[in-house]
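# A structural model of the following input is requested.
(one chain, ligands or ions: 1)
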Amino acid sequence: MARIVILTGAGVSAESGIRTFRDANGLWENHDITDVATPEGFEADPALVNEFYNQRRRQLCSNEVRPNAAHEALARLQRELPGQVLIVTQNIDDLHERAGATDVIHMHGELLNQWCLACGERTRTRDDIVDHTSCPACGERGRLRPDVVWFGEVPYEMDRIVNELESCTLFAAIGTSGEVYPAAAFVQYAVAVGAHTVELNLDASRAFSYFHEVRRGLASVEVPKWVDEVLAGC
Ligand code: NAD
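Residues are numbered from 1 along each chain as shown. Sure, this is the predicted structure:
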């Protein structure tokens with residue numbers, strides 16, 4: 001069991017060039033989230049939804065996006081405290097892994113995974129998903145969707161996440177608005193078991209009053225400082 005559980009959100013990747021989605025009046029890259037992040041939106045217009053994620057995937061795979069100092073500091077924390085640090089991310093990008101993190105749960109799925117609705121297989125991809133793309137596992141065409149968890153769907157690995165929260169001694173939430181459940185409630189599990197809780201965020205999140213400690217500022221500045229302090233106290 002990890003002693004330290006770290007929840008990350010879109011704010012940790014903002015300085016890597018990936019926009020968060022609370023930045024622009026609840027729109028995500030100028031789209032209403034119900035159009036691009038719900039099963040109903042996908043059913044209504046699969047081509048639009050696939051293209052939305054194709055654009056995000058292309059950006060993620062381009063040279064313009066790289067891990068920042070926050071991702072690197074969290075990977076260092078995992079390296080220096082082996083087996084003791086779990087990162088649970090709401091992000092669908094792979095920047096924690098690219099920075100060297102090894103134990104990462106993508107509770108909302110991954111942009112670089114596709115899910116075949118015909119055979120149920122999940123496979124890795126860096127390519128666009130279009131209406132004639134065939135599944136590498138079963139060969140069926142036009143049945144792939146991005147393997148991301150949309151509003152109304154159940155996040156991945158909740159059993160393990162809850163187990164880890166119930167035994168942690170330190171919980172940190174970084175770059176997350178506290179608007180999206182169940183992640184927004186994780187701090188309450190940690191408080192209930194007596195863990196110390198810290199929020200690192202640019203603005204006050206919706207959940208900030210649950211935290212013992214709140215640090216305001218850019219993730220690239222605040223996270224390396226906090227990691228240094230955690231390591232110094234071990
Ligand atoms: P959010 O967009 O709701 O909130 C982001 C939070 O990060 C805000 O509170 C903001 O103040 C803070 N923030 C912005 N820039 C920051 C910085 N440089 N340093 C520190 N904090 C900063 O994000 P959320 O809470 O993660 O929820 C959004 C959902 O959208 C997630 O479920 C995720 O799946 C999806 N999403 C993912 C990505 C990604 O993979 N990078 C990007 C956008 C949205």
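# Wasn't residue 186 part of a strand?
No: read with DSSP: H, G, I helix; E, B strand; the rest coil, residue 186 is helix and lies in no strand.
# Tell me, how many residues neighbour it?
26 (other C-beta atoms under 10 Å). Quick note: C-beta positions are derived from backbone N, CA and C, even for glycine.
# I figured it was touching residue 9, is that so?
No: with contact defined as C-beta atoms under 8 Å, residue 186 does not count as touching residue 9 (11.1 Å).
# which residue ranges form the strands in this structure?
With DSSP state E, the ranges of strands along the chain come out as 4-8, 27-28, 31-32, 85-89, 104-106, 109-116, 122-124, 144-148, 170-174, 196-201, 213-216.
# re the thing from before, which residues are in contact with each of residue 186 and residue 9?
When contacts are counted by C-beta atoms under 8 Å, 6 or more residues apart in numbering, residue 186 and residue 9 are jointly contacted by residue 173.
# So in terms of bridging, what pairs with residue 146?
residue 114 (DSSP bridges).
# What residues does the chain have near the ligand?
Residues of the chain lying close to the ligand (C-beta under 6 Å from any ligand atom) are 9-11, 13-15, 18, 20-22, 90-93, 108, 175-177, 179-180, 201-203, 205, 218-219.
# which of the residues you listed count as buried?
9-11, 13-15, 18, 20-22, 90-93, 108, 175-177, 180, 201, 205, 218-219 (16 or more other C-beta atoms under 10 Å).
# which of the strands of the chain has the lowest average pLDDT?
Of all those, the minimum mean pLDDT falls on strand 27-28 (a mean of 69).
# ranges for the helices of this protein?
Counting by DSSP state H, one finds helices in the chain at the ranges 11-14, 33-36, 39-44, 46-61, 69-80, 95-98, 158-165, 186-192, 219-232.
# quick one: the closest residue to residue 149 other than its chain neighbours and residue 38, what's the gap?
In space, and not counting its chain neighbours, residue 149 is closest to residue 108: 4.4 Å by C-beta to C-beta, 6 or more residues apart in numbering. Distance of residue 108 to residue 38, computed by C-beta to C-beta, to the nearest Å: 13 Å.
# do residue 148 as well
11 Å.
# try residue 172
29 Å.
# So which of the two has more stuff around it?
Neighbour totals were compared for residue 172 and residue 38, and residue 172 leads with 29 against 17 (other C-beta under 10 Å).
# so which of the helices of the chain gets nearest residue 212?
Smallest distance to residue 212 across those (C-beta to C-beta): 8.0 Å, for helix 186-192.
# Tell me who's in contact with residue 205.
173, 176, 177, 178, 179, 199.
# nope, residue 136 is what I was after
121, 123.
# Quick check, pLDDT for it.
pLDDT, residue 136: 97.
# ok, now residue 30?
80.
# By mean pLDDT, flag the weakest helix or strand of this structure.
strand 27-28 (a mean of 69; mean pLDDT, DSSP states H and E).
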